[in-house]
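**Student:** my questions are about this predicted structure, shown below with the sequence.
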Amino acid sequence: MQINYILNKLEESADLKVLAHKARHGIRAVNTKGIPIPKLRALAREIGTDHEIAQELWLAGFHEARILASMVDDPSQVTDKQMEEWVSDFDSWDICDQCCSNLFDKTPFAYEKAALWAERKPEYEKRAGFTMMAVLAVHDKKAPDQKFLNFFPLLKKGASDQRNFVKKAVNWALRQIGKRNPALNKSACDLALSLRCLDSKPARWIAADALRELTGEKVQKRLQAKCSRA
């Protein structure tokens, strides 16, 4: 499939109403066409897995082309260098989250990058570290608990970051890890309780929100059912 055909398809799907909706959710309108995710996923299925096309889409530079790039790239061909180049280009929370959940978490570098990026200063690079933790907790079903316990010092450190997109990603990661199994649920709740004691408004917000979900009836019932099946 030719890149020009794909770019034309993206232009045809542009929608000003979707663009306005994105803006209301904190997604910059600069270099954004207003294409809904379902249409991008449909086009991704048409394209299939194609590493070269993904590189061309990323270089096209606009918002939805980069999200589509993350949907069609081949994780087995993604290099450390590519991940660093792409993460440095992140300029919105949704490109960050789409790249991490569609592509980066399936690479051999996933856990390494989660820890590395969580220590970065730029907002979206730092968010990428915690987003990686969250999506790995959901997608990597066979990972041992210790891989996620290793993230806890980074979660505690990141919880005091005042920036909205960082604190929400820390919260997301903590909740997803705590929903994996009863042991990690207890560890995540213990960490949340320690965050509640910090002299930090973001950390206390993360603690309250995470504890509300992790100790809630819905999560506890699901964890008990998982134990019963095991």
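**Tutor:** Ah, there it is. Numbers count the residues shown, from 1 in each chain.

**Student:** work out the gap between stretch 121-128 and the centre of the chain.
**Tutor:** When distances are taken as C-alpha atoms, centre = their mean, to the nearest Å, stretch 121-128 is centred 11 Å away from the chain's centroid.

**Student:** what do you get for stretch 134-142?
**Tutor:** 11 Å.

**Student:** ok, and what's touching it?
**Tutor:** Under the criterion C-beta atoms under 8 Å, 6 or more residues apart in numbering, residues 97, 100-101, 105-106, 110-111, 114, 143, 147-148, 169, 172-173, 175-177, 179-180 lie in contact with stretch 134-142. To be clear about C-beta, it is placed using only N, CA and C from the backbone, and glycine gets the same treatment.

**Student:** 6 Å instead?
**Tutor:** Applying C-beta atoms under 6 Å, 6 or more residues apart in numbering, the contact partners of stretch 134-142 are Cys100, Ser101, Asp105, Ala110, Trp172, Ala173, Gln176, Ile177, Arg180.

**Student:** residue contacts, the third one?
**Tutor:** Asp105 makes contacts with Val135, Leu136, His139, as judged by C-beta under 6 Å, 6+ apart.

**Student:** from the contacts of stretch 134-142, which is closest to Asp209?
**Tutor:** Trp172 (9.7 Å; C-beta to C-beta).

**Student:** residues near that closest one, how many?
**Tutor:** 22 (other C-beta atoms under 10 Å).

**Student:** now the chain, which segments are flagged as low pLDDT?
**Tutor:** Low-confidence segments of the chain, defined by pLDDT under 70: 19, 25, 28-30, 230.

**Student:** name the residues of the lengthiest helix in it that are buried.
**Tutor:** For the chain, the helix with the greatest residue count under DSSP state H is helix 123-139. Buried residues in helix 123-139, counted by 16 or more other C-beta atoms under 10 Å: 123-137.

**Student:** quick check: which element contains Ala44?
**Tutor:** Applying DSSP states H and E as the criterion places Ala44 in helix 37-47.

**Student:** now that helix: how far from the chain's centre is it?
**Tutor:** Offset of helix 37-47 from its chain centre (C-alpha atoms, centre = their mean): 19 Å.

**Student:** same check, this time on stretch 221-230
**Tutor:** Centroid separation for stretch 221-230 versus its chain: 26 Å, with C-alpha atoms, centre = their mean.

**Student:** identify the residues contacting it?
**Tutor:** Stretch 221-230 has contacts (C-beta under 6 Å, 6+ apart) with Pro182, Asn185.

**Student:** how does the chain divide into domains?
**Tutor:** 1-108, 111-230 (automatic domain parsing).

**Student:** element containing Asn185, please.
**Tutor:** Element membership for Asn185, per DSSP H and E: helix 182-196.

**Student:** what's whichever helix or strand comes after that helix packed up against?
**Tutor:** Toward the C-terminus, helix 182-196 is succeeded by helix 201-214 as the next helix or strand (DSSP H and E). Counting contacts by 3 or more C-beta pairs under 6 Å, 6 or more residues apart in numbering; DSSP states H and E, helix 201-214 is packed against helix 164-178, helix 182-196.
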